[in-house]
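K.L.:
Okay, predicted coordinates and the sequence, questions at the end:
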Amino acid sequence: MCGIVGLFCKSPRIEPRLGEYLSAMLVQLDERGPDSAGVAVYRNPAPDGWSKLTLYSSDPGMEWDRLWGELAEAFGGVEAVDRRARHAVVLVEGDAQEIEAWVRGRDAELRVISAGSVIEIYKEVGRPRVFAATFELGDFQGTHALGHTRMATESRVTTQGSHPFSTGHDLCLVHNGSLSNHNRLRASLRRQGMEFQTENDTEVAAAYLTWRLREGASLEQALEGCLDDLDGFYTFLVGTADGFAVLRDPIACKPAVIAETDDWVAMASEYRAIAVLPGAPEARIWEPEPGVVYTWEKALV
Amino acid sequence: MAVEATTGVELVDLEETSLRELNRRLHELAADDPQPRRWRVVNSNGAHAVACGLNAPVEVEVAGHVGYYCAGMNQRATVRISGNAGTGVAENMMSGIVVVDGNASQSAGSSGRGGLLVVHGDAGARCGISMKGVDIVVRGSIGHLSAFMAQRGSLVVCGDAGEALGDSIYETHVYVRGEVAGLGADCVEKELRAHHRAELRSLLDQAGFDDVDPGGFRRYGSARTLYSFRIDNAGAY
């Protein structure tokens, strides 16, 4: 199973309540994915020349302030902006790729969950309704956000195996379905230099997108490549700095509903997650066609 | 819950009454003389399994969108959904009428044995999959793999049909007015004869689509090469 939700604010009036709405949507799909939950929120862009990272430490005694000091020594400007459970969001003066490499080299207990200038990712094992409360999702303001509730089929229930998966700077992926050719594809992506932290099938899809984008493909081209190169079932929701994209496999077993009003665009596995939004009964509602890439961007709507 | 005195309609608000309670009350209705006979359900908000398993000649109007399997296994009841329906609306229905005013998601009317399903909008993929006697009339278009292994009954589509229509079909009659993206294995276009035209007219009338001219439809059905035993293949068994 698994559940997917996404909310994109067309009107700035919605932005202050992004987290509240996203949280309500996520909780609706609690029983579709009771194993773990996660969200990606796009908000508060980093200043020019700075990067934003979401870090996760498996060490409950993690001394974040010490880390900020070390980062300041290595890069200059550092500003810790948020802490939720074992996640911390930090702004660092410098190139995201270099900072990521530095963090990975410093500490095996420390993970970079997201990197870029606007994205923040939070994910953890346990019931989505508990996750929503623990991470105080209702606080978030921002332009768009997506979320996932996981019922694990392909690999272990861990924080690392939870969605969203980062697929590059300011990009992330959530997935409902299962891929059949992930072992072979993982091996071939490793040969292209991609690194993997889990045995999870979605991580392979995320790495595939990262690789295609790195090789110069547009997001649409990278997603269309999935139709040829991925074998299995999927409804994908991809978060970008400016919006999000949706793709269903050509068989389209996994559900997806899109709804749009003058104020927002929402995507979810089921309508009941959209029903919590203001104006939902009057929204234009449809199911995305199989094998077709749909995108929404701030500049386009 | 309360009976509206002037109209005799039992009103059920799913924000106040649990879905289980609604379905329990509908299941307890007398099969020959159900009271109340007319029901109206509000605030469905995409809930699953609304008005499932009915077996009495009642009229249930669901004012809103519903989730999965609404009016599944229906017998004798008339269920009208004023919004969209999720996966498997009227799945395995036996008799009665189910009407969706909006769009239906995948597997609408799947494996139904009797009765009539009417969709005023579009139906998604796998519409009428494995249907066994139900009649399905769709005002809009249907998605891919519809009428897969369909055995009996009729599927009428006023719009277009997606890929692999009628794959491995048995004896269901399929009528499509618009474009067919592709026919599945063993599904072929067939001559639309006078008695087919009469059947089509009757189904359109039953659905209330009296503005639709049966003249513009094409008929599809089984080439009967997949399920008929052929002596040439005897060695394969």
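P.N.:
Structure received.
K.L.:
For chain B, which residue gets nearest to chain A?
P.N.:
B:Gly46 (3.2 Å; CB to the nearest CB). C-beta coordinates here come from the backbone N, C-alpha and C atoms, glycine included.
K.L.:
can you pull out the helices in the chain?
P.N.:
All of this is about chain A. A:18-28, A:64-75, A:96-106, A:128-134, A:182-191, A:201-214, A:219-229, A:271-274 (DSSP state H).
K.L.:
Sorry, I should have been clearer: chain B.
P.N.:
Using DSSP H, helices in chain B cover B:19-27, B:194-206.
K.L.:
Could you dump those into a markdown table with distance to A:Leu53 and mean neighbour count added?
P.N.:
Shown next, in a markdown table, are the helices of chain B (distance: least, CB to CB, whole Å; neighbours: other CB atoms under 10 Å in any protein chain shown):
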| stretch | distance to A:Leu53 | mean neighbour count |
| --- | --- | --- |
| helix B:19-27 | 44 | 16 |
| helix B:194-206 | 61 | 15 |
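K.L.:
Can I get the ones you listed in a markdown table including distance to chain A?
P.N.:
What follows is the helices of chain B, written out as a markdown table (distance: least, CB to the nearest CB, whole Å):
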| stretch | distance to chain A |
| --- | --- |
| helix B:19-27 | 12 |
| helix B:194-206 | 25 |
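K.L.:
residues contacting A:Phe208?
P.N.:
Slight slip there: residue A:208 is Tyr, not Phe. A:Leu185, A:Leu189, A:Ala222, A:Gly225, A:Cys226, A:Asp229, A:Leu230 (CB atoms under 8 Å, 6 or more residues apart in numbering or on different chains).
K.L.:
Without its sequence neighbours, what residue ends up closest to the second one?
P.N.:
Ranked by CB to CB, 6 or more residues apart in numbering or on different chains and with sequence neighbours excluded, the top spatial neighbour of A:Leu189 is A:Ala207, at 5.1 Å.
K.L.:
Distance-wise, check the one you found relative to B:Ala63.
P.N.:
46 Å (CB to CB, to the nearest Å).
K.L.:
and these two? which has more neighbours close in?
P.N.:
A:Ala207 (24 against 16; other CB atoms under 10 Å in any protein chain shown).
K.L.:
Would you enumerate the residues in contact with B:His27?
P.N.:
Counted by CB under 8 Å, 6+ apart, B:His27 has contacts B:Gly53, B:Leu54, B:Asn55.
K.L.:
Please name the nearest non-neighbouring residue to the last one.
P.N.:
What sits nearest to B:Asn55 in space, not counting adjacent residues and going by CB to CB, 6+ apart, is B:Gln75, at 4.4 Å.
K.L.:
and stretch A:276-294, what's its mean pLDDT?
P.N.:
Average pLDDT, stretch A:276-294: 94.
K.L.:
Tell me, how many residues neighbour residue 95?
P.N.:
Just so you know, I chose chain A. Look at A:Asp95: counted by other CB under 10 Å, it has 15 neighbours.
K.L.:
could you do chain B instead?
P.N.:
Neighbours of B:Ser95 under the rule other CB under 10 Å: 17.
K.L.:
what residues are up against it?
P.N.:
B:Asn74, B:Gln75, B:Arg76, B:Gly114, B:Gly115.
K.L.:
please redo it, this time with the cut-off set to 7 Å
P.N.:
B:Ser95 is in contact with B:Gln75, B:Arg76, B:Gly114, B:Gly115, counting by CB atoms under 7 Å, 6 or more residues apart in numbering or on different chains.
K.L.:
Cheers, nothing more for now.
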